[in-house]
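Engineer: Need a 3D model of the following:
(chains A and B)
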Amino acid sequence: MFYLELLLVGLVWGCTYAMMALGLTLVYGLLRILHVAQATVFTLGAYVGLLVANHTGSLAGAFVAAALAAGLLGPLVYRFIYRPILDKPPFVALVASIGLLIAMEDGFRLLFGPYGLSFAKNTWFTTAVGFGGLSLNLVQVWIAVAAVVLLSLFALFATRTRAGVAWRATVSDPSIAESFGVGVSGVRHTSFFIASVLAGVAGVLVGLLNNLVEPGMGSVISYKGLAIIVLGGLGNVPGTLLASLLLGVVESFGTVYLGKLLDRDAIAFLFLILVLMIRPQGLLGKAR
Amino acid sequence: MDYYLSVATFAGLNVILALSLNLISGFCGQVSLGHAAFYGLGAYAAALCSVAGLPMGVSVAVGMLVAGGFGIVTGFAALRVREDFLAIVTMGVGFLFLGAVRKQAWLGAEMGIAKIPSPLDKWGYAALAIGGAVAVLLLSLHVRRSWMGRAFGAVAQDEDAARSIGVDVSGYKIAAFFIGTAAAGLAGGIYAHMTQLVVPDAFNFVQSVTILAMVVVGGIGSTLGVVAGAVLLTLMPEMFRFINDYKLLVYGGLLLLVMRFSPEGLAGLVHRVTGRRLA
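Structural biologist: Next comes the predicted model:
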């Protein structure tokens, strides 16, 4: 029973990682940029969601507002920061992204205070749901539901719509896609939009899960998101999803069995390093 | 006076850290996001030796060896994974170091190691840090002009091409990691004795990014540029109260702006204005 509960908690964490990591892998697949600043989008989503929820009392409104705010910020980051430096060596964009992330962490601290804010009314947090002897709170259930629904929508988008086909064509070869009439710039903006909406929604969900929204909440999850997309094989969507769930479970078991030796983040990165030493191309990546 | 001496000491330490990272990332092209871990390894190892009663010189040397030893291990990782993968692995090394230290009772866990013996006075530490900085600076200038420096450059530009003309890519990568991390360990050893206290948070990811910021603002690959970047970023928070309160905002903003508008940093600006490349 205990193991099942650990497994379940791990999978729920894995779902939040998946919502972050899918966006990161989209961006990496298109532009070869490790988009660390996704954490800024995530945190912005959480704050906007919290403010709307606390002022209007409507969680649905909170999710919509968070998705919109995040969906606006992401493409702006691409347009004004990444696009002008796309032809530079890869570390340039990575360092710029880290810069934006840590600057904005201080920015959030200035705007909203250092201690973090809580939801005024977080009924999901206090409602327990029983599953044949296992108990979860409602936030955890909603995280799993949201991840499954959003990721299925994404899969439908990628395989069934024109825009999705254009996106996959651009990932495999931007110049040939362009010569077939795909608007590469539009595809890139759309990808940043999708990635950011996912991150913004994930931000609100993680805020609800901890019942706390604070300036630094995005950074660790974003570093882990990077670890996950590397683990899955950079730019590989199924690999990313597998790695997200696996990392969530490894962390939840690891904190129980290795908790005396290493903290949660160290366990995640130890797992990453071990896997990469055995399979340098990631779990599902192709050997180069 | 004490205040100026401690600022000078930190400037010296930061120059050592930035130059040592520049050797790995600038000269040899191996991006590292976990340099603070080696700074921390040097500091913790030296602290343990000193608390156990060894003289400071021996403790600092042990710190360098421990940091360099783990640097070699990380260098082996750099043989397996490249570029973006390596950046994430080195970031992971940083988190692993921090997470491991936080949980070890014999390393003082969150409280760190306190009451480290401090045999020198303020002047002594300033002289030591600046002396160390000058030594690493001369080493960098020398390496750049030596056979090893050219080999580093070849590895940085195109590993496969370098290998095809007979450059021992693996050997040079490991050498770069060893020299760079051992120098970071030296800075750590001096830091531990000067402050008499080491805690895990002094060596976190933000510290790694701060060192990277110094390298990048100065101009990655340029020794003199990196020295200027390290000194500038050390002095700025001291000169402007505002900057000290919002260090991350300023450092992060600087990283972003430099990358966005002048990815070659100060050295690149000098090159553009005077037409001369800094060493």
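Engineer: how many neighbours does whichever residue of the stretch 51-200 of chain B sits closest to chain A have?
Structural biologist: In the stretch 51-200 of chain B, no residue comes nearer to chain A than residue B:99, which is 2.2 Å away by Cβ to the nearest Cβ. Any C-beta I mention is one placed from the backbone N, CA and C, and that applies to glycine too. For residue B:99, the count of nearby residues is 21 (other Cβ atoms under 10 Å in any protein chain shown).
Engineer: who are the neighbours in contact with the residue in chain A that chain B sits nearest to?
Structural biologist: Per Cβ to the nearest Cβ, residue A:266 is where chain A lies closest to chain B, at 2.2 Å. Going by Cβ atoms under 8 Å, 6 or more residues apart in numbering or on different chains, residue A:266 touches B:95-96, B:98-100.
Engineer: shaky segments in chain B?
Structural biologist: Counting by pLDDT under 70, chain B has low-confidence residues at B:241-244.
Engineer: Can you check which helix is longest in it?
Structural biologist: helix B:169-195 (DSSP state H).
Engineer: tell me what it is packed against?
Structural biologist: Packing contacts for helix B:169-195, counted by 3 or more Cβ pairs under 8 Å, 6 or more residues apart in numbering or on different chains; DSSP states H and E, involve helix B:2-21, helix B:35-51, helix B:56-80, helix B:122-145, helix B:147-157, helix B:159-164.
Engineer: so which of those helices gets nearest residue A:223?
Structural biologist: When the helices and strands packed on helix B:169-195 are compared by Cβ to Cβ, helix B:35-51 sits nearest residue A:223, at 14.1 Å.
Engineer: so what does that closest one touch, helix or strand wise?
Structural biologist: Using 3+ Cβ pairs under 8 Å, 6+ apart, helix B:35-51 is in contact with helix B:2-21, helix B:56-80, helix B:83-103, helix B:169-195, helix B:205-218.
Engineer: Flag every buried residue along stretch A:210-222.
Structural biologist: A:212-219, A:221-222 (16 or more other Cβ atoms under 10 Å in any protein chain shown).
Engineer: Can you dump the C-alpha atoms of that stretch in CSV for me?
Structural biologist: Output in CSV follows, covering the C-alpha atoms of stretch A:210-222 (Å, rounded to 0.1, in the frame of the first residue of the first chain):
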residue,chain,number,x,y,z
ASN,A,210,1.8,23.6,-2.2
ASN,A,211,-0.8,26.3,-1.4
LEU,A,212,2.1,28.7,-1.9
VAL,A,213,3.2,30.9,-4.7
GLU,A,214,6.7,32.3,-4.2
PRO,A,215,9.3,34.1,-6.4
GLY,A,216,11.7,31.1,-6.6
MET,A,217,9.1,28.4,-7.3
GLY,A,218,9.9,28.1,-11.0
SER,A,219,13.7,27.7,-10.9
VAL,A,220,14.1,24.2,-9.5
ILE,A,221,11.2,22.8,-11.6
SER,A,222,12.7,24.4,-14.7
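Engineer: Show residues contacting it.
Structural biologist: Applying Cβ under 8 Å, 6+ apart, the contact partners of stretch A:210-222 are A:16-17, A:20, A:24, A:36, A:38-43, A:46-47, A:49-50, A:101-102, A:105-106, A:108-109, A:112, A:114-119, A:122, A:125, A:203, A:206-207, A:265, B:205.
Engineer: Understood, closing this out.
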